[in-house]
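Q: sequence and predicted structure are below.
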Amino acid sequence: DTAVSQTPKYLVTQMGNDKSIKCEQNLGHDTMYWYKQDSKKFLKIMFSYNNKELIINETVPNRFSPKSPDKAHLNLHINSLELGDSAVYFCASSAVTSGGAGEQFFGPGTRLTVL
Amino acid sequence: RKEVEQDPGPFNVPEGATVAFNCTYSNSASQSFFWYRQDCRKEPKLLMSVYSSGNEDGRFTAQLNRASQYISLLIRDSKLSDSATYLCVVNTPGGFKTIFGAGTRLFVKA
């Protein structure tokens, strides 16, 4: 039973196209995240959602629009794809207590290649 | 200064060696701290949480020094299977923003 799943696993597309990545978690967590890992392997947070509300938006271009239809899902839509968007995108979820976010569980990643 | 800085790698060690990774963070109000492990072309996975009192899990020991804003990870008796990238992770106040260090690559050789 996969805890955090993402689809698709691979995405190859042309510049200028619009694409979506879906994420689902079955852990009952209230908080979900999107991360981008670039070619230098640096993992950077993009968005953080808590109870379907956007909490963190780390100066991501507005071509990226996350959507959380319910607490178990956080999808990422990307408009007008650019070459620099090529990366691995990870979805994650965690529980958050008064002590902060606990362990984050990551999806397997979506490898996006923009040609 | 980067929010989370780790030792530059890679570390190349023989099996059985002890290796230590260091990490510093800039926000003194940071709340929680972790070490994650990431294998090549895989997602990061939690290795261990880090507490001020220090904690140990088998061959792995993590330490947190809040005064110095410093986190460490010690791996004893390295195994080939320990080869991976180790990521230092810090949660900012409020808990919703997670900062990953750039990672330190470890190669354990037979």
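A: Cool, the structure landed. Owing to the predicted nature of the structure, the values given are computational and were not obtained by experimental measurement.

Q: which bits of chain A sit near chain B?
A: A:31, A:33, A:35, A:40-45, A:48, A:50, A:55-56, A:58, A:90, A:96-97, A:99-104, A:106-109 (C-beta under 8 Å from any C-beta of the partner chain). For the C-beta atoms, the positions are set from N, CA and C on the backbone; glycine is no exception.

Q: repeat the analysis, applying 7 Å as the threshold.
A: A:31, A:41-43, A:45, A:48, A:50, A:55-56, A:90, A:96, A:99-101, A:103-104, A:106-109 (C-beta under 7 Å from any C-beta of the partner chain).

Q: buried subset of the residues you listed as a ChimeraX selection?
A: A single ChimeraX command selects the buried members of the residues of chain A next to chain B (16 or more other C-beta atoms under 10 Å in any protein chain shown):
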select /A:31,43,45,48,50,55,56,90,96,100,101,103,104,106,107,108,109
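
Q: which residues does residue 88 form a beta bridge with?
A: Unless you meant another one, I'm taking chain A. residue A:37, residue A:111 (DSSP bridges).

Q: try again with chain B
A: residue B:35.

Q: surely it and residue B:3 touch.
A: No: the pair residue B:88 / residue B:3 is not scored as a contact, 10.6 Å apart, by C-beta atoms under 7 Å.

Q: with neighbour numbers in mind, choose between the two.
A: The residue with more neighbours, out of residue B:88 and residue B:3, is residue B:88; 28 against 15, by other C-beta atoms under 10 Å in any protein chain shown.
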